[in-house]
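Visitor: coordinates only, no sequence provided:
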Ligand SMILES: NC(=O)C1=CN([C@@H]2O[C@H](COP(=O)(O)OP(=O)(O)OC[C@H]3O[C@@H](n4cnc5c(N)ncnc54)[C@H](OP(=O)(O)O)[C@@H]3O)[C@@H](O)[C@H]2O)C=CC1
Ligand SMILES: C[C@H](O)[C@@H]1OC(=O)[C@H](O)[C@@H]1O
C-alpha cells in the first residue's frame, strides 16, 4: 500500500515532553507547524507549559495534557482529550522514561515495577490507545519509541532500566508487523549518552563522564536536539519503508571498542 504523505499540519504526541529529549522533540515538530500534544506526569505542569511556549514560538500549536503513561485510566483519558480536540494522530513519539540508578541488590519490587510500568507498559498502553484511532482514520502514520543504547548493553546500576529498553525495541518489531498493513510504521530510536536531567546525578561522577566522552568518536556528549532531529527525520514520508528498525543515535559510542 502507498503510505499517504501526511497533510500539514500534522498531529503529534510526544510523551514525557516537559523536559529533555521530549521537550526538544516537541519544539522540533513545532518548527514544521505541527499540532503537538505536550504530555507530562502529574505535578509537572510548569515545565510542560514552558515546552508549550517553545512549540508556539517555533510555529506549532501545543496542547498540554497531564497523564502518567503508566496509568491505564490516565492514558485512556489522554486519548479521549486528544481525539476530541484534534482527532487521530499522525505521529506518536513514546519518549517518557525514568532511570533511577540503583545497585542490583538495592532494587526492590516496587522500584522494579515502577521502572517497568513507566518505561515499557507505558509504551504499550499509549501505543494501543492511540494507534487504534490511527488505524480507523486510515491515514497511515508513525510510531517512534525512544529505546536506548541500553537495549544493546548492560549497566551495573541499570538492571531494571536496560530490560525495559530492550523490551521497547522488541515491542516495536512486533507492532511493525501488526500496524504495517495500515501504513503505520513502528521504529525504535536508541540514544547514547545525552545530556539531560535523567543523568544529572549520575554525571557528577567526572571520571564516568570522561570515560563516556573518550568512547564517543565525535568527541562530545549528545544533546536533546541530536535525538529530536532523528525523530523528526523518521517521521518524514521518505522514511516510509523503515519498519521495525533500531536506529542508534550515539555519536559512535556503541561501536567504539578499540
Ligand atoms: N539522556 C540519555 O542519556 C538517554 C535517554 N534515553 C531515553 O530518552 C527518554 C527521555 O529521557 P530524557 O529526556 O533523557 O530524560 P528527562 O528525565 O530529562 O525527561 C524525561 C521526561 O519524561 C517524563 N516522565 C517521567 N515519567 C513519566 C510518566 N510516568 N508519564 C509521563 N511522563 C513521564 C519526565 O517528567 P518529569 O518532568 O515529571 O520528570 C520528563 O519530562 C527516556 O525514555 C530515556 O530512557 C535513552 C538513552 C539515553
Ligand atoms: C540514563 C543513562 O545515563 C543514559 O540513558 C540511557 O538509556 C543510557 O543507558 C545512558 O547511559
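Guide: Arrived safely, thanks for sending. Given the structure is predicted, the values throughout are model-derived calculations rather than measurements. Ligands and ions are numbered 1, 2, ... in the order given.

Visitor: and residue 125, what element?
Guide: Per DSSP states H and E, residue 125 falls inside helix 122-137.

Visitor: and the very next helix or strand once past that helix, what does it pack onto?
Guide: Counting by DSSP H and E, the element after helix 122-137 in chain order, helix or strand, is strand 141-146. Contact analysis of strand 141-146 by 3 or more Cβ pairs under 8 Å, 6 or more residues apart in numbering; DSSP states H and E lists strand 91-94, helix 122-137, helix 159-179, strand 184-191, helix 224-234 as its packing neighbours. Just so you know, the C-beta spots here come from the backbone N, C-alpha and C atoms, and that holds for glycine as well.

Visitor: what pairs with strand 141-146, parallel or antiparallel?
Guide: strand 91-94 (parallel), strand 184-191 (parallel) (DSSP bridges).

Visitor: one step back: got the angle for the helix holding residue 125 vs strand 141-146?
Guide: Helix 122-137 and strand 141-146 meet at an angle of 170 degrees, taking axes from the mean of the first three to the mean of the last three Cα atoms, to 10 degrees as the criterion.

Visitor: buried sites along helix 122-137?
Guide: 122-127, 129-131, 134-135, 137 (16 or more other Cβ atoms under 10 Å).

Visitor: quick check, nearest of the residues you listed to residue 12?
Guide: When the buried residues of helix 122-137 are ranked by distance to residue 12 (Cβ to Cβ), residue 130 comes first, at 10.8 Å.

Visitor: so for the closest one, what's the pLDDT?
Guide: Per-residue confidence (pLDDT) for residue 130: 98.

Visitor: check contacts around it.
Guide: Contacts here follow Cβ atoms under 8 Å, 6 or more residues apart in numbering; on that basis residue 130 touches 13, 79, 82, 88-89, 92.

Visitor: from ligand 1, how far out is the nearest residue to residue 76 once chain neighbours are set aside?
Guide: Once flanking residues are discounted, residue 76 sits nearest to residue 129: 6.2 Å by Cβ to Cβ, 6 or more residues apart in numbering. Computed as Cβ to the nearest ligand atom, to the nearest Å, the residue 129 to ligand 1 distance reads 13 Å.
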